[in-house]
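Chemist: Just need the structure, nothing else, for what follows:
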Amino acid sequence: MIVLLMGLWGCQANVSNNTESEQENTPEENVEAESASESEAAAESEPEEDPNNPPIDLNAAYEKIESGMAIAEIQELLGEGETDVSSDTGGLVTASTTWQWNNGGLSSLIVTTQNDKVVGKSTVVSTESVTDAETPPEITINEAYDQVTVGMTLEQLEALLGKGAIGDRREFAGVEDTDYWWIWGEDQGKLTATLKGGTVKGKSREGNTAESENVSSESELSVAEAYEKIQDGATLAQVEGWLGKGHQTSFTQDSGITTSGYAWNWPADRGTLRLTVQNGTVIFKTFVGPEE
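Modeler: Sure thing, here's the model as predicted:
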């Protein structure tokens, strides 16, 4: 009986030892297992790709795109983007494809194609995403605006204002315009100088400090009445005869066309009237009236 029990115990021990032996891994198998575990952990920890942030910087992407490129090349670089077809006439398909970056603010790159080949490109940049704009020393935004003139070079601008940040950019038919920005921090006042062919063709100012110099209307008309009185084709001279001299908010001179923006305030009504004037006549108007 004792012999039989010992025999059974010995069989069980052998089975147990064999099972443990079969479960043991070789050193090579252990390394492979550890590597697989690390790969799985890394995959789990990697953030998902953000569709609003293509893999390269906005300005770097803009620089890589050239006229005549196939849209498929750009999509391989930046991702699919969002495409809208604007026209399909006589076998010529015109479309625009947009990619967006969300870096503190939403900015976009828009590529225009005809039959899937690039004919133009542009960017729309959020001020909030710009981190490299210098605040000009010892000069206000309005003083800076008055000193920026058509024909100045970027070198002259930066000698006056410090390094400018690249804002919106546009290129069509081989002609490029680039906006450079200078920002005054407290009220986020922004001065824009638009360069074409290496020299200034336009400028604009915005922000609380810039707006504080909007002139008050000298008219007895309310802001709404002034808006109704001014019709397209009215001259700036006529408008200033009714309202007093306006505060210039923008100025552009290009290809023989001069376009300017002007504003008048109605402090009592908390109203503002804005006009766009081209070669001396009104082409656009808008106003913000008193709060209800």
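Chemist: How many neighbouring residues does R205 have?
Modeler: Close neighbours of R205, defined as other C-beta atoms under 10 Å, add up to 26. Every residue, glycine included, has its C-beta placed from N, CA and C.
Chemist: Other residues contacting stretch 79-94?
Modeler: Stretch 79-94 has contacts (C-beta atoms under 8 Å, 6 or more residues apart in numbering) with 51, 54-55, 71, 74-75, 95-99, 111-116.
Chemist: helix, strand or coil for G241?
Modeler: Secondary structure, DSSP: H, G, I helix; E, B strand; the rest coil: G241 is helix.
Chemist: one step back: filter the contacts of stretch 79-94 down to just the ones in strands.
Modeler: 95-99, 111-114 (DSSP state E).
Chemist: And the residue positioned nearest the centre of the chain, what's its pLDDT?
Modeler: The chain has V125 as the residue nearest its centroid, 1.7 Å off, counting by C-alpha atoms, centre = their mean. Here, the pLDDT recorded for V125 equals 95.
Chemist: Give the residue spans of the stretch 51-200 of the chain that score low on pLDDT.
Modeler: For the stretch 51-200 of the chain, the stretches with pLDDT under 70 are 51-52, 186-188.
Chemist: which stretches of it form strands?
Modeler: Ranges of strands in the stretch 51-200 of the chain, per DSSP state E, counting those that start in this stretch, are 82-89, 92-102, 106-114, 117-124, 165-172, 175-184, 189-196, 199-206.
Chemist: Who's the closest spatial neighbour of F251, skipping the chain neighbours?
Modeler: Spatial nearest neighbour of F251, excluding adjacent residues (C-beta to C-beta, 6 or more residues apart in numbering): S260 at 5.0 Å.
Chemist: correct me, but that neighbour touches Q248?
Modeler: Yes - look at S260 against Q248 with C-beta atoms under 8 Å: they come within range, at 5.9 Å.
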